[in-house]
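Participant: Structure, please.
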Amino acid sequence: MNKYLLFLLITTSIYAKDFDVRDFGAKADGVSLDTQAVQSAIDACTKNGGGKVIIPSGKTVLIGTIYIKDYVTLHIENGAVLLGSANIDDYTTDTHKNMYKNEPHMDRCLIFARNAKSFAIEGYGTIDGNGAFKNFTSKTGRPMLIRFMNSDNIHIKDVTIKNPAAWTSAWLYCNDIVVDGIKIHSRVNNNGDGLDFDGCTNVRVSNSSFDTSDDSICIQASLQDKPSKNIVVTNCTFISKWAGMRIGLLSRGDIESVTVNNCTFNDIDDSGLKIQLNEGGEMKNMSFSNLVMKNVPRPIFMTFAQQKACVDAPEDMYPMKAMHHFVFNGIIVDNSALDKNSAIFITGLPNHYITDIQLNNIQMTVSGGGTKVHAEKTDLKEYTLETLAGWWPEFHLVGTLPAYGIFARHVKGIFISNVQIKTVKKDERPPIVFDDVINSSVNHVFINGNPILEKHIIEKISHE
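Facilitator: Here you go, the predicted structure:
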C-alpha cells in the first residue's frame, strides 16, 4: 500500500465511528506484530469522540501492550482473535504493578487502561494471551492479560478470554463495571485468576463461565481508602483448580455489600466460597443464595486471621477489625465422590470472632469415612501469624476436621436451620462441631434422613 492511499484511509477513518485496525496498517496475519496499528486505531477513535475499534472476523491480530482510552469500544468480531505476543519485550513496563507481595513477575500486562472513562471490550471473538509455560515463566516475566486502573463505566461483554500467562484481569480502584456473557479459560500457566476486583465499587458480573487454574473471581481491597463494595455475581458457572470465589486476602480496605446467587460450582480443587479477612479492613454484609456445588471440598471456607498480602504492606502488623453478617441460603452440595475432608469450615481466632452467620436450607452429600481418631482430634492449628509463617491461611495447615458437615471455631452468633446431611460411608465424627462458639441455634437438622436433636449432634467447646 502506497503512502498516499494509507493517508486517505486514515483520514477517512478519522471521521468514521468504526476503526478497522487494517486501515491503520495491521497485517492481521497472526505473525506480524500489529501493536502500533491497533494503538493508532484506538488513538484515532478516542480523538474522534469514541466509536468501535474493529478486530476483523477471520483474522488474528498479534499485539504487545495496548492502552484503552476514553469512549473506545474494542470490538472483536466473531471469529477474530486478538493474540498476545510470546515475547516479553513486547510488553511495556508502565502498566502499574501486581498488588500481591513477592510477585513482580506479573507486573506487565497486555491490555491496560488508566484514568479512562466509558470504554468497552465486546464481541463474540477471542482474546488469547498466548501464555503457555514455553513462552512465559516467573524468570522471564508473566504478563497479566488485562489491567484497568482508576477507571469508570467499563463494559466487557460476550468475548472469550483465554490462555493468560498470569491473571486474566486485575481491576484496580474502578467504578461502575458490567461483565456479561463472557467465557474465561485460564489453564496454560500458574495463578490463572479470572476476574480480580480490587477496591472496586458497583460491580455486576452475570451470565459468564469460568475454568481457571486459580481463583475464578476475587474481591479484594489493597488500599485502606479504596473499599470494594456493592458487588453482584449472578448466573455464572465455575470450574477451578483453586477457589470458585475468593473474597479477601488483600484486605487492607473494607469489603462489603456482596451478593452471589444462581451459580454452579463444579470440580473445584480447594473451595467454593473462600472468604478471608487478614489485613486490617472490615468485612461485612454478604449474601450467598441458590448455589449448586459438585466436587467442591469446602463449599464454604471462612478465616479471620492476621497476614500481610499486599506488596505495599507497612512493617507493623495490621490491627484486627471485624468480620460480620453473612447469610448462606439455598445451597446443594454433592461431594459423594470426594474424600473425608469435605465440610463447611469457619474459623476466627481466640478473642477475634467472626460474628452473625446464618446457614439455611442446605443439602450436603459427603463421602464419610472419618474415624474415632479424627473425631477426637483437638490439635487443629490456629491461623496465627506464627503458624502462617508468611503464607496464606490455607486448609492444609489444619488437616482433617473433627466434623463431617460443619466445623465452626471462634464464632459469635451462628444460626443453622433446615440442613440435610447424607454420608456415603459410615463416619465416626459428629456432623457438626462448635469450638469456642458463643450464641448459636441449630434447628431442623437431618442426618441420613433422620431428625437429630441439637444436643446429640454438636460438641461445644467454650474458651470463655
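
Participant: Doesn't Asp43 lie inside a strand?
Facilitator: No: under DSSP: H, G, I helix; E, B strand; the rest coil, Asp43 falls outside any strand and is assigned helix.

Participant: mind checking how far it is from Asp128?
Facilitator: For Asp43, the distance to Asp128 (Cβ to Cβ, to the nearest Å) stands at 23 Å. (Glycine included, C-beta is placed from N, CA and C.)

Participant: what about those two, which has more around it?
Facilitator: The neighbour comparison of Asp43 against Asp128 (other Cβ atoms under 10 Å) goes to Asp128, with 22 against 16.

Participant: That one is in contact with Ser85, isn't it?
Facilitator: No: applying Cβ atoms under 8 Å as the test, Asp128 and Ser85 come out as separate, 10.9 Å apart.

Participant: show me what contacts Glu122?
Facilitator: Each residue near Glu122 by Cβ atoms under 8 Å, 6 or more residues apart in numbering is listed here: Thr73, Leu74, His75, Ile76, His155, Ile156, Lys157, Asp158, Val159.

Participant: Ser440 contacts Phe415, doesn't it?
Facilitator: Yes: using Cβ under 8 Å, Ser440 makes contact with Phe415 at a distance of 7.2 Å.

Participant: So which of those two has more stuff around it?
Facilitator: Ser440 (18 against 15).

Participant: In a helix, that one, correct?
Facilitator: No: read with three-state DSSP, Ser440 is strand and lies in no helix.

Participant: heads up, I number from 12, so please use that
Facilitator: Understood, numbering begins at 12; the last thing we discussed is Ser451.

Participant: Quick check: closest non-adjacent residue to it.
Facilitator: Ile425 (5.0 Å; Cβ to Cβ, 6 or more residues apart in numbering).

Participant: Distance check, Gln50 against Ala386.
Facilitator: 63 Å.

Participant: all helices of the protein, in order?
Facilitator: Using DSSP state H, the helices of the chain run over 14-25, 46-58, 383-386, 396-399, 465-468.

Participant: Pull the residues that contact the longest one.
Facilitator: Residues lying outside helix 46-58 but in contact with it, judged by Cβ under 8 Å, 6+ apart, are 21, 24-25, 30-38, 62-66, 72, 74-83, 85, 96, 101.

Participant: Show me those that map onto strands.
Facilitator: Assigned to strands by DSSP state E, the following of the contacts of helix 46-58 qualify: 30-31, 62-66, 72, 74, 77-78, 83, 85.

Participant: can I get those in a markdown table with distance to Asn277 and pLDDT?
Facilitator: Below are these laid out as a markdown table (distance: Cβ to Cβ, whole Å; pLDDT from 0 to 100):
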| residue | distance to Asn277 | pLDDT |
| --- | --- | --- |
| Phe30 | 40 | 98 |
| Asp31 | 40 | 98 |
| Gly62 | 40 | 98 |
| Lys63 | 36 | 98 |
| Val64 | 36 | 98 |
| Ile65 | 36 | 98 |
| Ile66 | 31 | 99 |
| Val72 | 33 | 99 |
| Ile74 | 33 | 99 |
| Ile77 | 34 | 99 |
| Tyr78 | 37 | 99 |
| Val83 | 36 | 98 |
| Leu85 | 31 | 98 |
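
Participant: ranking those residues by neighbours, who comes first?
Facilitator: Ile66 (30 neighbours).

Participant: doesn't Tyr135 make contact with that residue?
Facilitator: No: between Ile66 and Tyr135 there is no contact under Cβ under 8 Å: 11.3 Å.

Participant: Show me the shaky parts of this protein.
Facilitator: 12-27, 464-475 (pLDDT under 70).

Participant: Okay, the residue nearest the centre of it and Gly152: tell me how far apart.
Facilitator: For the chain, the residue nearest the mean C-alpha position is Ile228 (1.9 Å; Cα atoms, centre = their mean). For Ile228, the distance to Gly152 equals 25 Å [Cβ to Cβ].
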